[in-house]
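Novice: only geometry, no sequence info:
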């Protein structure tokens, strides 16, 4: 079975020390060359119960924006400014979030495998990256529409999972979902 996603959660759990964990500690645990791992973990935090903390969706949006911009530009190492690296997340909330994510991740991993790998390379990769970049500009406002930030984060995490496991089919599914998001958000916003 493919354990790439579980391995990322294990690395994240290994970074938890004390009452809180900094973004710097998370980056060190995941490695500064692994854009896919970092791009996976922050949206997963925004999907977990930790998303109930005000401002989490906005922070995740800023981090994802910077990561995706760097991926588009072809950077080899993850770079985040020091004010973001110093941001701290409650260890209890992070443990609760990773615990909550374990079952869905194990379920999802069963279906992941390397296929349609051309979709995870340039120029094909630019389309989902561009859509994610635009999406992150709207994510801070999604805190006002219940569940919309979590939905957006879940789709970004799905894309990152496809990237991490070299599963172009999952990248394609995330691309289709990214394309459908404006309609979904319109529906959510008009029903609030």
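Specialist: Everything's here; your move. These numbers were taken from a predicted model, which means no experiment stands behind them.
Novice: Help me confirm that residue 108 is found in a helix?
Specialist: Yes: counting by DSSP: H, G, I helix; E, B strand; the rest coil, residue 108 is found in a helix.
Novice: For residue 190, see how far away the residue nearest in space to the middle of the chain is.
Specialist: For the chain, the residue nearest the mean C-alpha position is residue 43 (2.9 Å; Cα atoms, centre = their mean). In this view, residue 43 and residue 190 are 25 Å apart by Cβ to Cβ, to the nearest Å. No exception for glycine: its C-beta is placed from N, CA and C like everyone else's.
Novice: do residue 66 as well
Specialist: In this structure, residue 66 and residue 190 are 31 Å apart, going by Cβ to Cβ.
Novice: more crowded one of these two?
Specialist: residue 66 (16 against 8; other Cβ atoms under 10 Å).
Novice: ok, then the element right after the helix or strand where residue 24 lies?
Specialist: Element membership of residue 24, judged by DSSP states H and E, is helix 23-30. Next helix or strand after helix 23-30 toward the C-terminus (DSSP H and E): helix 35-47.
Novice: Next, the buried residues of that next one.
Specialist: Residues of helix 35-47 classed as buried under the neighbour-count rule (16 or more other Cβ atoms under 10 Å) are 35-47.
Novice: Run through the neighbouring helices and strands of it.
Specialist: Packing partners of helix 35-47 (3 or more Cβ pairs under 8 Å, 6 or more residues apart in numbering; DSSP states H and E): helix 4-14, helix 23-30, helix 56-73, helix 91-109, helix 148-165.
Novice: the inter-axis angle of that helix versus helix 91-109?
Specialist: Between the axes of helix 35-47 and helix 91-109, defined by axes from the mean of the first three to the mean of the last three Cα atoms, to 10 degrees, the angle is 110 degrees.
Novice: Buried deepest among the helices and strands packed on helix 35-47, which one?
Specialist: helix 148-165 (a mean of 24; mean count of other Cβ atoms under 10 Å).
Novice: on that earlier part again, any chance of the helices and strands packed on helix 35-47 in a markdown table with distance to residue 124 and mean pLDDT as columns?
Specialist: Shown next, in a markdown table, are the helices and strands packed on helix 35-47 (distance: least, Cβ to Cβ, whole Å; pLDDT from 0 to 100):
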| stretch | distance to residue 124 | mean pLDDT |
| --- | --- | --- |
| helix 4-14 | 20 | 80 |
| helix 23-30 | 25 | 84 |
| helix 56-73 | 13 | 90 |
| helix 91-109 | 22 | 80 |
| helix 148-165 | 12 | 85 |
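Novice: Take those and lay them out in JSON lines including distance to residue 82.
Specialist: Output for the helices and strands packed on helix 35-47, formatted as JSON lines (distance: least, Cβ to Cβ, whole Å):
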{"stretch": "helix 4-14", "distance to residue 82": "21"}
{"stretch": "helix 23-30", "distance to residue 82": "8"}
{"stretch": "helix 56-73", "distance to residue 82": "13"}
{"stretch": "helix 91-109", "distance to residue 82": "21"}
{"stretch": "helix 148-165", "distance to residue 82": "24"}
